[in-house]
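Q: Predicted model and sequence below, questions to follow.
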Amino acid sequence: MREPSSSVLSGSVASSAILDRFRQGDLDAFEALFREHQRAVYGWILRIVRDPAAADDLTVESFLRMHRACARFDPGRSFGPWARRVATRLALDWLRSRPPECELDEAGAALPTAPVADPGVASEIRLKTAQAMARLPPRLRIAAVLSLVEDQPHKEIAAALGISVTAAKLRVFRAIRLLRKDLERQGITP
């Protein structure tokens, strides 16, 4: 499955009529929203859990939850942020059920770093940074990925996580502080 840009989840091209029908439980409206947002929700969950099979399962579960909660949806708002919030909560629950430290493959270590003359050193720094990121508590890891990797503003992070902007800033700050400590213990000066 191709990973979509995060902007797809930010806004919806769904008409207000479709959103009203979805809120009333119309299956055709739900199917239209599913088709429009399924790839974006999958991509979002995949970035959080980093496991394609789990992301597939969690995407299906997210849409089942959205369908069950259709009466609570506010059709005056955009569907994308609501879908992201539902998917985030489900992905966080999945991460909490996993062991705190998971193994990373080379693909998981592809985090941006400053250019280094020696490619071997750069590769080691990326790997250690990815391992440090994986050791963060799930709530902080998601905030860090949104801020540091996806370069999302605090307002977007808050909307995605269903928290206040102040809480989003605090989570990003804590994540960065823990990442720095972890990297310094590994002999890397951030």
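A: In hand now; what should we look at? Computed from a predicted model, the values in this text were never measured in an experiment.
Q: Outline the domain layout of the chain.
A: Domain segmentation of the chain under automatic domain parsing yields 7-96, 113-185.
Q: List the single closest residue to residue 65 in space, sequence neighbours excluded.
A: Distances taken as Cβ to Cβ, 6 or more residues apart in numbering put residue 86 closest to residue 65, at 5.5 Å, once the chain neighbours are dropped. From N, CA and C alone the C-beta is placed, and that goes for glycine too.
Q: Can I get the helix or strand containing residue 47 as PDB, trimmed to CA atoms?
A: Assigned by DSSP states H and E, residue 47 falls within helix 27-49. Extracted C-alpha coordinates of helix 27-49, given in PDB (Å, rounded to 0.1, in the frame of the first residue of the first chain):
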ATOM      1  CA  LEU A  27     -23.800   3.000   4.600                       C
ATOM      2  CA  ASP A  28     -23.200   4.600   1.200                       C
ATOM      3  CA  ALA A  29     -21.900   7.700   2.800                       C
ATOM      4  CA  PHE A  30     -19.700   5.700   5.100                       C
ATOM      5  CA  GLU A  31     -18.400   3.700   2.100                       C
ATOM      6  CA  ALA A  32     -17.600   7.000   0.200                       C
ATOM      7  CA  LEU A  33     -15.700   8.300   3.300                       C
ATOM      8  CA  PHE A  34     -13.900   5.000   3.600                       C
ATOM      9  CA  ARG A  35     -12.800   5.100   0.000                       C
ATOM     10  CA  GLU A  36     -11.600   8.700   0.400                       C
ATOM     11  CA  HIS A  37      -9.700   8.300   3.700                       C
ATOM     12  CA  GLN A  38      -8.700   4.600   3.900                       C
ATOM     13  CA  ARG A  39      -5.200   5.100   2.400                       C
ATOM     14  CA  ALA A  40      -4.500   8.200   4.500                       C
ATOM     15  CA  VAL A  41      -5.600   6.400   7.700                       C
ATOM     16  CA  TYR A  42      -3.500   3.400   6.800                       C
ATOM     17  CA  GLY A  43      -0.400   5.600   6.100                       C
ATOM     18  CA  TRP A  44      -0.900   7.500   9.400                       C
ATOM     19  CA  ILE A  45      -1.200   4.300  11.400                       C
ATOM     20  CA  LEU A  46       1.800   2.700   9.600                       C
ATOM     21  CA  ARG A  47       3.900   5.700  10.600                       C
ATOM     22  CA  ILE A  48       2.900   5.200  14.200                       C
ATOM     23  CA  VAL A  49       3.200   1.400  14.600                       C
END
